[in-house]
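when you get a sec, could you give me coordinates for this:
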Amino acid sequence: MRRDMRSRRWIRRIATLCAALVAMIGISVAAGQTTRAETSTPSGPYVNAKAAIVYDATTKRVLYDKRANEAMYPASTTKLMTAILLVQHMQPDDPVYVGTEAAHQPKVRLGVQPGTEIPADDALRALLMKSANDVAYGIAETVGGSQAGFARMMNVEARILGCTHTQFVTPNGLHAEAHATSAKDIALILAEAIKYPRIVEAMQTQQHTVAGKVIRNTNRLLYGQATSIGDYIGGKTGFTSKAMYCLATAVKQGEHVRISVVLGAPRKSLMYRETVRLLSWSNRAFDASKDTSEEDD
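The predicted model follows:
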């Protein structure tokens, strides 16, 4: 009888201990879930583009990432790097020479005759406003001596900026199998490009005359932009049949510069719509009036 009573007491003690352990585990799990919920980053909107990023250039923090580190064809967002090297190596009135090979680049072209010289800042506007492939090639030959020489300069600069998935072959983004970069790398390149007032001024110019030809900026975000994205700084469009529609955009949101890049959008309208969606989301989800300069561990 005594043995049975001791057994029952022992069973009750074990049951009580098990119940206490279960309760403690439950509290711990709940606390862990609360901590994760409090510290997690908002997931962000759905986009159709193959790759996308929202990058805070002020804090160097990635706010949104969809395949942002995968190498893809960048189309004419390539010209952001061409613009950087142009302003680094040429003064505004220095001549850019458009030779025969440059003048015969596929469309889109400014359409000047071989042998034409264009002041560097006019070439910069043709490059960024009209996305002129002939002018991009002329810049490459003028600054780098050849397309190959200029491509080496582009790739060196890309490494300096921290780009890890970039291999440039052309100065204009026309398709080449080896010519690729990533959404994050384009964000890093745009973050560098907007440090140069000459580039920002060209990006924000709506209309200009280059070599007697009137050109208009093809970036729709410059005209009647959505106020929800913040203050527009600048950006670059791109399209080839392989890359599809690409767009890199920099805006000011409070005290922060934030950059959106979408690569491989299936339609031009989606390229713009998803850029606005991403930047509107980052403007809402991250309070730009607060100091968020602390980076993730």
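
give me the low-pLDDT residue ranges for the stretch 101-250 of the chain?
Using pLDDT under 70 as the threshold, the predicted model of the stretch 101-250 of the chain has low-confidence ranges 225.

for this protein, which segments count as helices?
When assigned using DSSP state H, the helices of the chain occupy the ranges 2-39, 79-89, 100-103, 120-125, 133-144, 147-160, 183-193, 197-203, 268-285.

which strands and helices sit next to the second one?
If I follow you right, that is helix 79-89. Contact here means 3 or more CB pairs under 8 Å, 6 or more residues apart in numbering; DSSP states H and E; on that basis helix 79-89 packs against helix 120-125, helix 133-144, helix 147-160, helix 183-193, helix 197-203, strand 231-240. No exception for glycine: its C-beta is placed from N, CA and C like everyone else's.

rerun at 7 Å
Here helix 79-89 touches helix 120-125, helix 133-144, helix 147-160, helix 183-193, helix 197-203, going by 3 or more CB pairs under 7 Å, 6 or more residues apart in numbering; DSSP states H and E.

closest to residue 286 out of these?
Residue 286 lies closest to helix 183-193 among those, at 15.7 Å (CB to CB).

what about stretch 50-61, how long is it end to end?
With CA to CA, to the nearest Å as the measure, the ends of stretch 50-61 fall 21 Å from one another.

only the buried residues of that stretch, if you could.
Taking 16 or more other CB atoms under 10 Å as the neighbour-count basis, stretch 50-61 is seen to contain the buried residues 50, 51, 52, 53, 54, 55, 56, 57, 58, 59, 61.

kindly provide the distance from the residue lying closest to the fifth one once chain neighbours are set aside to residue 171.
When the adjacent residues along the chain are set aside, residue 54 lies closest to residue 64, with 3.9 Å between them (CB to CB, 6 or more residues apart in numbering). Separation of residue 64 from residue 171 (CB to CB, to the nearest Å): 29 Å.

between the two, which one's more packed in?
Neighbours were tallied for residue 64 and for residue 171 using other CB atoms under 10 Å; the higher tally belongs to residue 171 (30 against 23).
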